[in-house]
Every structure is written in structure tokens, then in C-alpha cells.
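Asks: This is a predicted model, with the sequence first.
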Amino acid sequence: MTAPTTPAPATAPVQTDDTPGSTATGQAPGTVLHGPVIAWFEQHARDLPWRRPEAGPWGVMVSEFMLQQTPVNRVLPVYEQWLTRWPRPADLAKEPPGEAVRAWGRLGYPRRALRLHGAAVAITERHGGDVPTDHAQLLALPGIGEYTAAAVASFAYGQRHPVLDTNVRRVLARAVTGVQYPPNATTAAERRLARELLPDDERTASRWAAASMELGALICTAKNENCHRCPIATQCAWRLAGKPEHDGPPRRGQTYAGTDRQVRGRLLAVLREAVGPVPQSVLDRVWDDPVQRARALDGLVSDGLVEPLPGRLYRLPLT
DNA sequence: GACACGTGGGA
DNA sequence: TTCCCAAGTGT
């Protein structure tokens, strides 16, 4: 395991004259959070494969793609299969994109598989087969946005970046801002806060990123938060305020049943299991409405997830 | 900024 | 059973 670096004890006095929601003016609002959270992380962090040294930058990157909107437990087995089969970006880049989609299995959002394959190709062609270390170069890769670029740079290379995922956003919303949930979409205020809270030291910053994320994943969860096990419960603005109920606009709920997404999922499931090209007549059985069915299939084709062949045949893309 | 985009487990 | 949600990105 990694050596438990003793975090510098936060001896700074408690914030005084700031209203719970106001952190704009403070010098280092929440510096006092780093120590306890990192110490808690050293003690309670899960032993996940992509956190082991042998995972390397490619392992970190693969895990970040898979973890986008997908729970850890479901990612675990697929991650192991991928890294065994494609231990380096160049190994994946050699494969047809459809193989990535097939190996993605039931993780969901299969476009991520396509983009990860595209990223592997780009890394092989433009970066000599090594996951780039530069944030801007990471951001330029398909499927990598602000979060993933920061996460890879921080977790794989120990760099100092604000890593603002849904877990960290929730932790900051509660501990610092004093509200139950962050806004639906990430705001400039949240980015500013995350940057202000970033420890100066690179090593501590990357540790803080992982630790605050883990706290949100294990303790400060969306439902049933476990304040009694939280290392910063005594400083949490939301808890100190009496844990007021979320008021703002309703939290976005995603519908699924009956949508094109569900149809796409069924179509792709058939194609993943198939060895060779699949006749349209077989695909037709997955959904009754022919209009929606055709629209979904067209969408998959235009997304590059499905390749149409002459004679009303379909398969996962070879190119 | 709002939407589309998969899937399955837990409460 | 229904609802909520899980390390986001691209358009």
C-alpha cells in the first residue's frame, strides 16, 4: 500500500465571521477539512484495482471511463477483463471499435466504449502509446471532459487539479455551502470553491481529490448520509444548520421506460451477443413500434455503434 | 443550458 | 413495486 503520509495537522482556528454559505472571501475556506478527510481516507479507502500502483495511467484512465455514471461494483469485473485483454492503449487501438463495444458488456452508455477506443487510437498515434500527462492533451481526447482530465492527471500523475465529480460536489455543498444538494449543473461558484479549497502542495492536492471523492461515495452519500462516521461532521455547515431539506428546483429525474434509449439498449444487446451479422428481421423482434425501432437503429448507426451491411444485415463496427 | 445517452441494484 | 441514483460527455 501507499505510505500513509502524515497530513500536516490543520491547526488553523475555526472560521468565524463567515455566514455558512459565504466562502467567496475567505482565504482558505475549509483548509481545516483537508487533514481530517485525508486521514480518514488513509484509514478507510477501498482497495480498488485502479488505485494500485500496477494499474498505471492506462488503468486509471480505463477506470475513469467506466465509472462515468456507473457504480464501482458493476465496473470491477469488466475493468479486470479489459486490463487483462488490453494492458496498453496500443493493444486496444489494434482492435476494431466493435470489440470494445462488445467487451463493454452491460455497463451502459456504450458510446463510452467507442470513445475509449478512439482515445486509445489517438494515444497510440499522437502520444507514442503513453497516456498524456498534460491536462489539455487529456482534454483533447474523445470521451474525456473536464472531470476525467483532472481525475487522470491527479490520480495517475499526482498533479494538482480540482477534481469536481458528483461526490465532491455533494461534499462541498454540505460541508462548506451548507445545503443538502449541489445544483443540477455544475456552476462557476462550485468551480471557484473547489479551486480555493485545493491544497497548495501537489501531493496533498491529489490526496485531497481522492479522499473527498471517497468521502462522498462512502459516507456523505445522496441518501442516508452517515454523519456519525464522518471525519468532518463537527465542521459541516449543513449539519450545523440542522440539515435543512433541499429546496431549490427539483432534482432531475431521468425517465427510461419507453424511450429510444431503452430500444437502443435492446438492439445493441442482440448485436453484442451475436457472433456474425444480424438480419434486421431479428432486430425487429426487440421492439413493437416500427417507427421508434427504426429511429433507434438509425441513431446507433449514426453514432458509429452499429455498422449496416448490404442485405439488411447489421453488426458491431469493424472500422 | 437543456437533453440524450444504458443499466441494474438498493430502499 | 416504483423511484432514485451511480467517479460525465457531447451537442
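Replies: On my side now, so go ahead. Quick caveat: nothing in here was measured; it's all calculated off a predicted structure.
Asks: quick one: A:Glu125 and A:Lys243, what's the gap?
Replies: Here the criterion is Cβ to Cβ, to the nearest Å. By it, A:Glu125 lies 51 Å from A:Lys243. (C-beta placed from N, C-alpha, C; glycine too.)
Asks: What residues of stretch A:84-101 count as buried?
Replies: Using 16 or more other Cβ atoms under 10 Å as the test for burial, stretch A:84-101 gives A:86, A:88-93, A:95, A:97-101.
Asks: Restricting to C-alpha, output that stretch in CSV.
Replies: Presented in CSV, the C-alpha positions along stretch A:84-101 are these (Å, rounded to 0.1, in the frame of the first residue of the first chain):
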residue,chain,number,x,y,z
THR,A,84,-6.0,-8.3,-18.9
ARG,A,85,-7.0,-8.2,-22.6
TRP,A,86,-5.7,-4.8,-23.4
PRO,A,87,-2.9,-3.9,-21.0
ARG,A,88,-1.7,-1.0,-23.0
PRO,A,89,-3.5,1.6,-25.2
ALA,A,90,-1.9,0.2,-28.3
ASP,A,91,-3.4,-3.2,-27.6
LEU,A,92,-6.9,-1.7,-27.7
ALA,A,93,-6.1,0.5,-30.6
LYS,A,94,-5.4,-2.5,-32.8
GLU,A,95,-8.9,-3.9,-32.3
PRO,A,96,-12.0,-3.0,-34.2
PRO,A,97,-14.1,-0.5,-32.3
GLY,A,98,-16.9,-3.1,-32.2
GLU,A,99,-14.7,-5.3,-30.0
ALA,A,100,-14.6,-2.5,-27.4
VAL,A,101,-18.4,-2.2,-27.6
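Asks: do that stretch and DNA strand C meet?
Replies: No: in terms of Cβ under 7 Å from any atom of the strand, no part of stretch A:84-101 sits within range of DNA strand C; the closest distance is 14.9 Å.
Asks: just to revisit the earlier point, quick check: of the buried residues of stretch A:84-101, which lies closest to DNA strand B?
Replies: Ranked by distance to DNA strand B (Cβ to the nearest atom of the strand), the buried residues of stretch A:84-101 are led by A:Val101 at 9.5 Å.
Asks: before we move on, back to that, compile the buried residues of stretch A:84-101 into TSV and extend it with columns for secondary structure.
Replies: Conversion of those to TSV gives the following (DSSP: H, G, I helix; E, B strand; the rest coil):
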residue	secondary structure
A:Trp86	coil
A:Arg88	coil
A:Pro89	helix
A:Ala90	helix
A:Asp91	helix
A:Leu92	helix
A:Ala93	helix
A:Glu95	coil
A:Pro97	helix
A:Gly98	helix
A:Glu99	helix
A:Ala100	helix
A:Val101	helix
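Asks: Next, see if the helix or strand hosting A:Ala149 gets close to DNA strand B.
Replies: Using DSSP states H and E, A:Ala149 sits within helix A:146-157. No: legend: contact between helix A:146-157 and DNA strand B by Cβ under 7 Å from any atom of the strand is lacking; minimum distance shown is 12.4 Å.
Asks: Tell me where the stretch 1-150 of chain A has helices.
Replies: In the stretch 1-150 of chain A, the helices defined using DSSP state H, counting those that start in this stretch lie at A:31-44, A:56-67, A:72-85, A:89-93, A:97-104, A:111-126, A:135-139, A:146-157.
Asks: With that, I have no additional questions.
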